[in-house]
Structure formats: C-alpha cells, structure tokens
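Student: pasting the sequence and the predicted model now:
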Amino acid sequence: MSAMAREQIHPERHHDTAAEVRIYLTIFGALGALTLLTVGVAYMQLPHAAGVVIALLIAAVKVYLIAAFFMHLRSEHRLINVSVAVCLALVLVLIVFVLPDLGIHELEERSRLEAQHSAVYHEAGAEAPESAPGAAAHGEAH
Amino acid sequence: MKDSHAHPGHGAGHDHGGPQSFWRKYVFSVDHKVIGIQYMITSFLFLLIGFGMISLMRYQLAWPSPPDDFDPEKLGMIRGTLAWLLGDRMEYGFMKPDFYNQLGAMHGTIMIFLGVVPLGVAAFGNFVVPLQIGAPDMAFPRLNMMSYWIYLVGGIVMLSSYFAPDGFPQSGWTSYAPLSVVAPPGQTIWCIAMIIIITSSLFGAINFIVTMLNMRCQGMSLGRMPVFCWAQLVTAVLLLVAFPVLEGGALLQLLDRVAGTSFYIPKDMMYGSTVFPAAGGGSPILWQHLFWFLAHPEVYVLLLPAMGVVSEIIATNTRKPLFGYKEIVGSMILIGVLSFVVWAHHMFLSGMRTSLANLFVTTTLTISVPSVAILTCLLLSLRGGAIRFNTPMLFALSFLPMFGIGGLTGLPLGFAPTDLHLHDTYYVIGHFHYVVAPGSLAALMGATYYWYPKMFGRRMNDTLGKIHFWMTIVPMNFIFFPMLFQGMHGMQRRLADPTLQWHNLPVQGWSVIMLFAVVTLAIGQIPFLFNFFWSLRNGEVVEENPWNSTTLEWACPSPPPHGNFLKEPVVFRGPYEYSVPGHKTDYLPQDEAA
Amino acid sequence: MSTAAATAAAAHGSQFDTNTGISHAKLGTWAFLASEIMLFGGLISAYVILRSGSSHMAIPPRALMGVPLATFNTFALITSSVTMVLALAAIKENDIPKFARYIGATIGGGCIFLVVKAYEYHHKWEEGITISSNLFGSFYYTLTGLHVLHVTGGILLMLFILITGLRGAYSPENHERVEAAGLYWHFVDLVWVILFPILYLL
C-alpha cells in the first residue's frame, strides 16, 4: 500500500502524532515540576509522618503519569492494567502483612523483652536460655 | 520475535532452510516438543539424584548410631562400602551430622526446583500445552530453548557445590538466616544457583502465559481450554509473580555472605564466643517472610500441574465429561490468588503476634476449600463412568486418596495452636511428602504413561506399568505414613541421629520399616526405567489417538511433526465431550466438525 | 491467519492475529515487567520493613546523600524517558533520522545517569557510606546497584534498537520492538522515581 493511500485511509495520523507529542511534553513538564516539588517539600522539615505521606503521594502521581502516558496504560487492554494492579497489590500485601511482625520498632521491642527475660534468669542464678525468636512467651508478651 | 503465529500449513510445509543437523534438531532445538523431552529426561535424572541422597539419609536414620557391640574394624558390607565411598563424611560408617544436613538441604532443593517443578511445568507443560490449544509452538521458541539451558546450567552449578570447601549447602532447602549467612561456602553457590534457576523459570512463565493467552486456535476460547492448560496458566502466573521475591531475598542473602551486609543479621549477633563481624540491624525473620512468600505459592506450583494431569487422565478413562469443569478451573484460580496470603503459616513459631498468626490461620483454612472442591469434582467425575484401569488411570486414581491424606494432614498444621506441637517435626515431613510424592509425583508418572505415546509414537508396556505402580504407591505409604506417628510423638526434623533425643526411641523402629520401604520403592522404579527405554524401540506402535481422547493433542500425528498440526485446528466444543447421546463413538473430539 | 484471533483482533482494532489482540512482544514484555515489579517490590518492601522496624538503620544526613546531584540524575532519566517516547512517535511517522536522534538522546540520558551514579558511589564510599557500613548503606547500594544493572541492560537494549532501526527494521506498521523496549526503559525510570524519594529524601 502506497504511503499516499495509507494516508488517505488514515488522514488523522499526522494529527494524532502531533497531539501525542504535545501530551508527552506536557507530562514531561509535570514530571519535572513534581520532582522539584518533592525535593522542595523534603527541605521543608515537616513532621516525619507528613513528610513520608507527601513524598509517597508525589511519587505515586509521577509513577501514574509515566505508566499511564509513556507506557500507554491508559489506552491499553484491560488485561494488562489488571495484571499491573495485581502486582502492586501483592507488593502491598507483602508490606502490610509483614510490618506488624517486623516493622514499627518491633525488633527493638523484642530485643528489649529478651534482655528483660535474660535479666530475670540471671537474677535467679540460672543460665539464660537461648533467646530464640520462636519462644511462644514472647509472642504472648505482645 | 514474530508477532503473529497461528499460521495454517505451518506443519509439514515449514522450511528451516534445509535438513537440520543432529545438534539443531535434538540438542539446540527451539521446538517445544524437543525441549519438553529434554526437560523430562533432565528432571528424571535430578529426581534420581535427589532420591539417592534421601536413600542414604534413610539408611542413616534406620540405624543412626553404633550399637553397644559395635566393632569399627568389622563394618558390614553396606556400611563398609559407604564408609569407603564417602570417606570422612562418615564416622565408622555412620553419617556425620554436617553431611546429613548437606544431603537434607540438597534433597529438598533438588527435588523441588530441579525435579518436580521442571517435570510438571516445563516438561509436560512444554510438550502438551501448545498441542492442547492447537498452536504450532510456544510464543517465544528461542526463549524456550534458553530456559532449558539456563535450567541445566543452574542445576549443574547447584550440584557443583559438592566441591566447595565443606561441601553441599547445609542450611536446609529453606536456608534460614542467620545460619545460612554464616554457613560454609556451599551456601553461596546455593544462592547463585537459585538465581540462575529462577531466571529460567521466569522466562518459562512468560512463555506459557503469552502462549496460552495469545495462540489458541480458532474456536478455542478460554472456556474450552482443557483443565491441564488452565492449571499451567495459573502455575505460570504464580511462578512469574512469586519467584522474583525469593530472587531478591536470595540476592540479599548472597550479599550478607560475601559483601558484609546485614539484611538478616541482628545487631551484635553472637557467633561462637565472639560478636559476628557485621554492622547488624537486620532481621532473620525477614528472610523467612521473603522465602515463604515464594515458597508457599511454590507448593501450589508443585500441585496444580499434577491436578491438571489427573483431570485429563480421569476424563479420558471414565468416558464421561469431567464433573464441574467451571468449578475446577475456578478453584484453581482461587487457589492461585489465596496462595499469596497464607505464607506465614510456615512461621507460626517465629514469634509473631497472635493477631497476625490468626490472620494467616484464617487464610490457610480458607485455601483448603478450593482444594477440596477440586478433589470432590474429580471424585464425582468417577461416578457412573466406564472406568478403564490402565496404568495412567491407576496413578490418577491413587492421587485422589493420597492427596486427600496430604491435604487433611495439613489442617492441624494450619491451626496455629496444633502447629505449635507439630512444627519442625516429622509430621510436617509426612504431610508435605504425601502431597508431593504419592500426590504430585505419582500423577506425573501417570502423565508419563499417558503422553508417552504422543511423544514417541509407541505405548509403554502396561504390565510393567502396573508393577511400577504398585511398587511405588504402596512403599510410599509405608514411608510417609509412619512419619505422621513419629512427628506426633515429637521426633524433630533434620536430626542425623534422632536417638540422641531419648523421647524418640519408641518411634525409632518405624525408621527401619521405612528403610525397607525405600528399598522397595527404589527397586520399583527399575521396571519404569526399563519400560521407558525399551518401549522407545519395542513398544506397540500407535496412531494419533490411542486413548480415544477428545483433546487436541490427540488430533495430530504421534509424534507430531514440527509445527504440530497439518492445518490449524478448528474447535467446536468443550474438551470433555464423552458419551454424547446419539453419537456413534463414546468420544467427540474438540475439533470434529459434526 | 487464525480466524478466532483475527476476529478478536478486529474487535480490538488490532493488526495482530493473537487471541487478545495484543502482540506477543508487548504481552511478553508486560509479563516480564510484572516479574520486575515483584523483584523491586520485594526488595523495596524489605527496605520499608527494616527502615520501620530496625533501630539500627541510621540515615545519613542529607548533605552526605547529595540530593542536588541525585535530583539532576532524576531529571536525566526522566528526560531519557521522554526522548524514548518521542522516538516511538517518530517511528510512527516513519521519520528514521528523528527516531535515531531521540534513541541516541535516550542512550545519552542513560549514560549520564550511570556516570553520575559512579561518581555518587565513589563519593559516598569515601565518606564512609559503604555497602557494609550499616543497614542503610547496604540497602542503598543494593537497590540502586540493581537499578544500575537494569539501566545498563536498557542502554544495551537501546543500542540494539538504534542499530536495527537504522537498518530499516521498523516502520509505522511494524514497531512493536521499539514499543517493547520503550516499556522496559520507562519501567526503569519508574523504579528510580520511587527509589529517589525513599533513599534520598525521607
């Protein structure tokens, strides 16, 4: 099929590409602005929790822009969008289910309790037992 | 990488530019059938190696330590040979604990990652799936070939850890930190080999997913795809999404070992009488989470292809439609989804808070529901069937009660309160071996008999097959059922000499019985191995469809030519139209027009 | 041509005779990216968990982290992402010289990123933030190191796309490989967009 014929069937093609390019450049601008914003906010010395939330939110927006516009997820088959969403959900599962076990200063808490535990044994004059993390007693202390 | 694939006439007419050399055709082939057979032979070899290791271990466990009247100068024939072969890994012919642990870690690693998964997924999946969906090959044939060679390299690297100072990895297939971090150099090779093997799996998973989603022939909607293919699709997704987390975790372990990081090392960890030289601050439990996040879906990777195989064999050999196709497929998908939120039931004794443990108890008990649903559907599929008791059917039928026992014994492990007593005992070993050995592995043996005619154009001998069947299933029960007793009695895992713990003495006798069962099991594989190779030349020659089955793999020559189908099949109906009223034969193939 | 696939393809307005209407290259690339999401996701989760839970993860002061340089690096990578997608647009217009220039810019952006990272690593190592100095250092080098490996792979991939493109492999009707390579490159940029704040800013 000749180039001319092709163009006749798809006359919008040139406009499509030009419009696409405009969108890409707009997103580029947005990404640049958001990068500056996130750095700026970081220097603002906000309380830690607020800082984390804002930084993650800005990152999420940037990730969305790249995924939706540069990776064309906006116009992509539902199968792919669902697959990406499922993966993100799984990463969240990993974080959300493990944080109660290991995060939020759990480790510190646990070693504090173990130190107490062995201190009690030392006082009683016996050998401190192996401070294996599997001891049920520690689980109950939480 | 071509974009479109389902070419008509892609079979006999396909040109590779002349006749292919032996190397191109049989060694470096991109044909999914050749690659499937390569995987099959290689995984059988690894299964034999893993079996050899456990045989040595079971010999050790039967008589773990010298009796009172032991004379080191007069070792018996077996013990003497072993002492001579294994040198200073043995002490007077009895296994040293380090070596026992090496064999244990390697048995698990080899059987799972180099044996059962490659057999179920890569061997039978590769061979059968494109045929069952009416495709000429996989979506990415060259990637497929690469997957095999990467797997082989990974397996060789894993075995080469034997030559590391202090030998094989010895921290269990679970490689728990911090032991695995401080372990001898073999463990570093474990990490590297796992990364290689995982890469092979990931490439394979990508191939399976794209093939099944994109290359189904005309009329083959997802709702008409055989259960075996659905099982492989769910399995591929599990592998794709779960393995990278372990890959990351293994990378962290590797760095802990060689780069001085402390991802899994707590602060001021004592190592012997000194503080371990690392900055600290990490958590050994983190390894457990990252490991089990993969390793739990991994057990469904072990299981689902086997369930798929059993479904196919049962449908063909009952001459009636599978009961509950939608329910089986839906349950498989549900198992896949739920498998990602149950992992910490392997960690109930790690000190997690009870509210988190309860969450995992709930999800674990929930996942037993779809498993039971599948088992029930398969059982109901038998009702009213005209059952043909050939060798593949015997294996498929035995899967049902064996998986039943395996699944039921899992329930007390899923309940945290009972798991407190059973965790890290032989009960666990009995449970999971029931699911994997007389469960999955037996099903895959059935698959071998079932699809051998398609692979090689000849049947395997059915009498030898039946001998193999009985000499496999019966001994397996005598090996794994007593483990349930030993475990409930309190015998711990991973002990080279359980008799050192006096409470184990009453159940020690079972270990002797188990050893004799192991020997019987070993002998029972001889008819299988003989049959496999003998039938290549002497088996009864078959045509396209020796089992009179309905699915598409039986609609092409045996063995299929390159490109599989002479012209692209067209599918008119679902996969299990057996005994359709009014039809002249008791099976209505998917691609038959009327 | 597979009629079922063609019907599905027509329904999606697609030129590919696959059941989903998505080309093998694109579907395969997204499957691969799904595994990469889990790889980086797993490692980032480990970082989040230990960062929250470990009392021995001292975060270096911002001055040592070199935020301005890392910000510049972020721009470099984002720019390379833009040039990548502009290269794809150029191919759709059959403008091979423009395509080559933009792919070249993408490679350039990637190389700048690597050079800056090399300097950063050297500088931090000298300042005492090594892979084993403490848990933060371990995560910093591991996460960014893995990312650097992916950028390097991406640059090699882009070189391949450039060379094959100059040889006329791509056209407005046939540019799936360019798009697939672009997806990978955008993903690598995306990972950095997450790593940058969690390692440098928080």
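Tutor: Right, received. Where do you want to start?

Student: what's downstream of the helix or strand bottoming out on mean pLDDT in chain C, the next helix or strand?
Tutor: Here the helix or strand of chain C ranked lowest by mean pLDDT, DSSP states H and E is helix C:3-12, holding a mean of 55. From helix C:3-12 onward toward the C-terminus, using DSSP states H and E, the following helix or strand is helix C:24-53.

Student: and that following helix, what's buried?
Tutor: C:24-53 (16 or more other Cβ atoms under 10 Å in any protein chain shown). Where you see a C-beta, it was placed from the backbone N, CA and C, and this is true even at glycine.

Student: what of stretch C:84-102?
Tutor: C:84-96, C:99-100, C:102.

Student: what ranges do the strands span in the stretch 201-350 of chain B?
Tutor: Using DSSP state E, counting those that start in this stretch, the strands assigned to the stretch 201-350 of chain B run over residues B:270-271, B:274-275.

Student: centre of the chain to the last one, how far?
Tutor: Same thing as strand B:274-275. Put simply, strand B:274-275 sits 41 Å off its chain's centre (Cα atoms, centre = their mean, to the nearest Å).

Student: just checking: what are the partner strands of it?
Tutor: strand B:270-271 (antiparallel) (DSSP bridges).

Student: state the mean pLDDT of the strand it pairs with.
Tutor: The pLDDT scores in strand B:270-271 average 92.

Student: what's the next secondary structure element after the longest helix seen in chain A?
Tutor: Criterion DSSP state H: the longest helix present in chain A is helix A:13-42. Note on helix A:13-42: by DSSP H and E, the next helix or strand toward the C-terminus is helix A:48-65.

Student: quick check: angle from that following helix to helix A:13-42?
Tutor: 170 degrees (axes from the mean of the first three to the mean of the last three Cα atoms, to 10 degrees).

Student: elements contacting helix A:48-65?
Tutor: Other elements packing on helix A:48-65 under the criterion 3 or more Cβ pairs under 8 Å, 6 or more residues apart in numbering or on different chains; DSSP states H and E are helix A:13-42, helix C:176-196.

Student: deepest-packed of those, please.
Tutor: Among these, the stretch with the highest mean neighbour count (mean count of other Cβ atoms under 10 Å in any protein chain shown) is helix C:176-196, at a mean of 24.

Student: run through the neighbouring helices and strands of it.
Tutor: helix A:48-65, helix C:24-53, helix C:67-92, helix C:96-126, helix C:135-166.

Student: how about the ones you listed in JSON lines, adding distance to B:T520 and mean pLDDT?
Tutor: Shown next, in JSON lines, are the helices and strands packed on helix C:176-196 (distance: least, Cβ to Cβ, whole Å; pLDDT from 0 to 100):
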{"stretch": "helix A:48-65", "distance to B:T520": "59", "mean pLDDT": "93"}
{"stretch": "helix C:24-53", "distance to B:T520": "42", "mean pLDDT": "95"}
{"stretch": "helix C:67-92", "distance to B:T520": "63", "mean pLDDT": "95"}
{"stretch": "helix C:96-126", "distance to B:T520": "60", "mean pLDDT": "96"}
{"stretch": "helix C:135-166", "distance to B:T520": "49", "mean pLDDT": "97"}
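
Student: by contact count, what packs against the helix or strand where B:T109 lies?
Tutor: Per DSSP H and E: B:T109 is located in helix B:97-109. Contacts defined by 3+ Cβ pairs under 8 Å, 6+ apart place helix B:97-109 against helix B:32-62, helix B:186-214.

Student: residues in contact with that helix?
Tutor: B:50, B:53-54, B:56-57, B:60, B:86, B:89-90, B:95, B:158, B:161, B:166-175, B:186, B:190, B:194, B:494, B:496-497 (Cβ atoms under 8 Å, 6 or more residues apart in numbering or on different chains).

Student: mind redoing it with 6 Å?
Tutor: B:50, B:53-54, B:56-57, B:89, B:167-170, B:172-173, B:494, B:496 (Cβ atoms under 6 Å, 6 or more residues apart in numbering or on different chains).

Student: could you single out the nearest of the residues you listed to C:L156?
Tutor: The shortest approach to C:L156 among these belongs to B:P169, at 32.8 Å (Cβ to Cβ).

Student: for that closest one, which non-adjacent residue is closest in space?
Tutor: Sequence neighbours aside, B:W190 is the residue nearest to B:P169 in space, at 4.0 Å (criterion: Cβ to Cβ, 6 or more residues apart in numbering or on different chains).
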